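S.K.: sequence plus the predicted model coming up.
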Number of protein chains: 2
Amino acid sequence: MDDINAADKKFLKELNAGIASLVLLGVLDRAREPIYGYRIAKIVEANKQDISMIKQGALYPVLRSLENNGLLQSKVEPSVSGPPRRYYSITDLGRQTLKRWMQIWGQTITFVNSTLGEVGSDDKY
Amino acid sequence: MDDINAADKKFLKELNAGIASLVLLGVLDRAREPIYGYRIAKIVEANKQDISMIKQGALYPVLRSLENNGLLQSKVEPSVSGPPRRYYSITDLGRQTLKRWMQIWGQTITFVNSTLGEVGSDDKY
């Protein structure tokens, strides 16, 4: 995907903003223990497709916003190998919210795919 | 879905902004002839799920933006029953772009679903 232009960039940016909160809440829900930003970025990166979906720098504002809404909590802990790290974990409210968001995400897929039409279908409006 | 709160609203708003261009381009691609805003809104509405995905007022800025990027073209025509209407149709560039965006959309679904984990899976990071 090298022929990326201004319209594509705008589309990608908007689409990624929409899914970032969902993805990060989901990653924290599946984490066994509190994890810090760089590890969250690595997990997101491991699942990326052709196009990098959520840039590492874009993670932090989303994590902060989720925490401000009470969906995540965090604490800063000293690191043996560098500056202190902020560890994030999901709250009960976060887990309830994730359930609703996954429903909304499912409905969004259904909505988009039904509006675009089945792949290979020749139906026209 | 009546327990919608501030965090849910923000999520929905961001998600809808991300898919609006894709959905509108898709609707215009499937239209046999140029169509005007109200009919586009009706087609979108017909496919909506539990939650109204794209509000009618939100259509017009997206249509304008798509037209500014050369993905749609429009012309104003008189109406027998009211003020003149602006009819939209997709351009060749719009069709090429839609193909790329549908690819990106497919990759986004794969990315989100693999990051959230398979439904019912107990895998943890």
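M.R.: Perfect, thanks for sending it.
S.K.: please make it C-alpha for all contacts and neighbour counts, starting now.
M.R.: OK.
S.K.: please enumerate the helices of chain A.
M.R.: Secondary structure of chain A (DSSP state H): helices at A:6-30, A:37-46, A:56-68, A:92-116.
S.K.: which of these sits closest to B:Ile104?
M.R.: helix A:6-30 (7.9 Å; Cα to Cα).
S.K.: if we can go back for a sec, pick the most buried one from the helices of chain A.
M.R.: Sort the helices of chain A by mean neighbour count, taking mean count of other Cα atoms under 10 Å in any protein chain shown, and helix A:6-30 sits at the top with a mean of 20.
S.K.: picking that back up, nearest to B:Val62, out of the helices of chain A?
M.R.: helix A:6-30 (11.1 Å).
S.K.: list the helices and strands that closest one packs on?
M.R.: Packing contacts for helix A:6-30, counted by 3 or more Cα pairs under 8 Å, 6 or more residues apart in numbering or on different chains; DSSP states H and E, involve helix A:37-46, helix A:56-68, strand A:82-90, helix A:92-116, helix B:6-30, helix B:92-116.
S.K.: repeat that with 7 Å
M.R.: If you count contacts as 3 or more Cα pairs under 7 Å, 6 or more residues apart in numbering or on different chains; DSSP states H and E, helix A:6-30 packs onto strand A:82-90, helix A:92-116, helix B:6-30, helix B:92-116.
S.K.: pLDDT averaged over that helix - what is it?
M.R.: What helix A:6-30 shows for mean pLDDT is 91.
S.K.: how far is that helix from where the chain is centred?
M.R.: Remark: helix A:6-30 is offset 5 Å from the chain centroid, using Cα atoms, centre = their mean, to the nearest Å.
S.K.: let me know the angle separating it from helix A:37-46.
M.R.: 120 degrees (axes from the mean of the first three to the mean of the last three Cα atoms, to 10 degrees).
S.K.: so which residues make contact with helix A:6-30?
M.R.: A:53-54, A:62, A:89-90, A:95, A:98, A:101, B:11, B:14-15, B:17-19, B:69, B:112, B:115-116, B:124-125 (Cα atoms under 7 Å, 6 or more residues apart in numbering or on different chains).
S.K.: now do stretch A:97-112
M.R.: Outside stretch A:97-112, the residues touching it (Cα under 7 Å, 6+ apart) are A:22, A:25-26, B:23, B:47-49.
S.K.: so what's the residue count around A:Thr91?
M.R.: A:Thr91 has 18 neighbouring residues, counting by other Cα atoms under 10 Å in any protein chain shown.
S.K.: closest to B:Tyr38 out of the helices and strands packed on helix A:6-30?
M.R.: The nearest among these, by Cα to Cα, is helix B:6-30 at 12.4 Å.
S.K.: next, the angle from the closest one to strand B:82-90.
M.R.: Using the same axes, to 10 degrees: helix B:6-30 against strand B:82-90 is 80 degrees.
S.K.: how far away is A:Ala46 from chain B?
M.R.: Between A:Ala46 and chain B the distance, using Cα to the nearest Cα, to the nearest Å, works out to 9 Å.
S.K.: likewise for A:Gly117?
M.R.: Separation of A:Gly117 from chain B (Cα to the nearest Cα) stands at 8 Å.
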